[in-house]
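K.L.:
Got a sequence here, can you build the structure:
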Amino acid sequence: MSPTTPAPIFDVDGLLRSPDTRIIVCCGSGGVGKTTTAAAMALRAAEMGRRVVVLTIDPARRLAQSMGLNHLDNTPRAVPDIAGDGSLDAMMLDMKRTFDELVETHSDPERAAQVLENPFYQALSSSFAGTQEYMAMEKLGQLQRESEAEDLWDLIVVDTPPSRSALDFLDAPQRLGSFLDGKFIRILTGPAKGAGRGLGRVVGAGLGLAAGAVKKVLGTELLVDVSTFVQALDSIFGGFRQRADETYRILQQPGTAFVVVAAPEPDAVREATYFVDRLTEEHMPLAGLVLNRMTLPPGHGLSAEEALVAADRLEKSGEHLETAAMLRLHADSMRSSARQNHVADRFTAAHPEVAQGVVPALADDVHDMEGLREVGDLLAEDLPRTG
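P.N.:
All right, here's what the predicted structure looks like:
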């Protein structure tokens with residue numbers, strides 16, 4: 001299946017250069033190159049003269065190495081050796097530290113200490129489903145507020161969490177806020193020694209059996225921890241959803257641009273289609289799709305079938321075996337390119353209006369600034385998908 005018309009070309013340089021572009025969010029399924037794409041775009045924008053900060057959520061921590069930094073943490077660090085008049089800061093989300101900062105900012109010291117030392121909070125801030133995605137949104141909002149207040153950056157680039165669904169970062173704030181505001185948690189809002197008192201109110205409401213089951217399954221000690229945590233957190237309860245809503249509105253504003261990153265594989269392109277549909281549904285501004293690791297065919301030469309026929313003849317003759325091997329590699333490349341284009345064409349047929357950029361498969365992994373510059377150059381080259 002081939003689209004009747006090619007997809008529009010993704011003008012990456014136009015996006016990066018425009019002063020109207022204030023936030024770029026790179027999203028896509030895991031393993032498609034979001035981190036590299038985000039870093040390459042951030043570096044390219046900085047070397048165009050922008051003041052950029054890139055936020056990554058990459059457990060492999062490749063970004064620090066590729067940018068010449070020993071390590072990244074929750075604080076933006078200046079990237080050295082930026083050409084031109086721009087600047088680039090880089091940071092990596094520390095989920096727990098961001099949650100700790102949130103508690104410290106919105107609580108008095110005594111209340112904050114109670115929360116930070118609470119076992120239930122420590123588990124929640126380290127491993128609760130959706131916490132990483134929520135904190136990514138929290139950190140984005142924090143960077144945006146700091147940038148406006150202190151005129152630090154004019155472009156924020158975000159690499160979204162490597163979740164099973166890469167749009168979890170849109171849903172997680174509401175899920176976490178609903179959990180913390182939910183009836184189950186509110187059952188447990190009695191005094192620290194009053195997990196039983198909190199449960200007593202439930203018993204009085206006719207839910208004694210349910211409360212007893214909760215106590216039996218979770219244990220009194222955990223109920224006390226949860227109760228203490230919720231009471232100590234009262235001062236910031238309303239802030240969770242409010243700040244998430246504010247960040248959500250930032251993501252919908254014209255100065256934000258979403259870039260969907262995919263590999264030319266059925267599952268990744270299927271996920272990219274879902275991302276585009278969801279972003280459209282949520283009125284999020286979509287800039288384009290980046291297809292990473294494409295096999296680009298030569299602009300001329302033998303077809304795969306012709307190359308295989310020629311290889312067969314040479315091998316039967318017993319001569320020019322190296323040429324025969326090269327012909328077979330050429331045929332494999334042509335077939336791979338055809339398969340990848342077929343997969344990408346399915347996306348184009350579903351979303352012909354979405355601009356596309358192509359980054360061909362590289363011989364080596366990106367591990368330094370020159371590699372990031374190469375990716376940025378390739379993104380800006382308007383490479384065709386078909387030969």
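K.L.:
Check the gap between the spatially most central residue of the chain and Leu289 for me.
P.N.:
In the chain, the residue lying closest to the centroid (CA atoms, centre = their mean) is Thr160, at 1.5 Å. Distance from Thr160 to Leu289, counting by CB to CB, to the nearest Å: 15 Å. Every residue, glycine included, has its C-beta placed from N, CA and C.
K.L.:
try Ala113
P.N.:
Taking CB to CB, one finds Ala113 at 47 Å from Leu289.
K.L.:
Looking at those two, which is more packed in?
P.N.:
Counted by other CB atoms under 10 Å, Ala113 and Leu289 do not tie: Leu289 has more neighbours, with 27 against 14.
K.L.:
So which elements touch the host helix or strand of the more buried one?
P.N.:
Assigned by DSSP states H and E, Leu289 belongs to strand 286-294. Where contact means 3 or more CB pairs under 8 Å, 6 or more residues apart in numbering; DSSP states H and E, strand 286-294 is packed against helix 12-17, helix 34-46, strand 256-262, helix 266-281, helix 321-350, strand 356-360.
K.L.:
rewinding a little: wait, doesn't the residue nearest to the centre of the chain sit right on Ile57?
P.N.:
Yes. Here Thr160 lies in contact with Ile57, judged by CB atoms under 8 Å, at a distance of 6.7 Å.
K.L.:
between the helices and strands packed on strand 286-294, which gets the lowest average pLDDT?
P.N.:
Mean pLDDT values for the helices and strands packed on strand 286-294 show the minimum at helix 321-350, a mean of 78.
K.L.:
in that one, what's buried?
P.N.:
Buried positions in helix 321-350, judged by neighbour count with 16 or more other CB atoms under 10 Å: 324, 327-328, 330-331, 333-338, 340-341, 343-348.
K.L.:
check contacts around Ala40.
P.N.:
Taking CB atoms under 8 Å, 6 or more residues apart in numbering as the criterion, Ala40 is in contact with 366, 372-373, 375-376, 379.
K.L.:
residue ranges with poor pLDDT in the stretch 51-200 of the chain?
P.N.:
Scanning the stretch 51-200 of the chain for pLDDT under 70 picks out the ranges 58-62, 127-130, 162-169, 172-200.
K.L.:
Could you pull out the strands in it for me?
P.N.:
51-56, 77-78, 87-92, 155-159 (DSSP state E, counting those that start in this stretch).
K.L.:
could I get those as TSV with distance to Glu315 and mean neighbour count?
P.N.:
Shown next, in TSV, are these (distance: least, CB to CB, whole Å; neighbours: other CB atoms under 10 Å):
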stretch	distance to Glu315	mean neighbour count
strand 51-56	48	26
strand 77-78	56	15
strand 87-92	51	22
strand 155-159	47	28
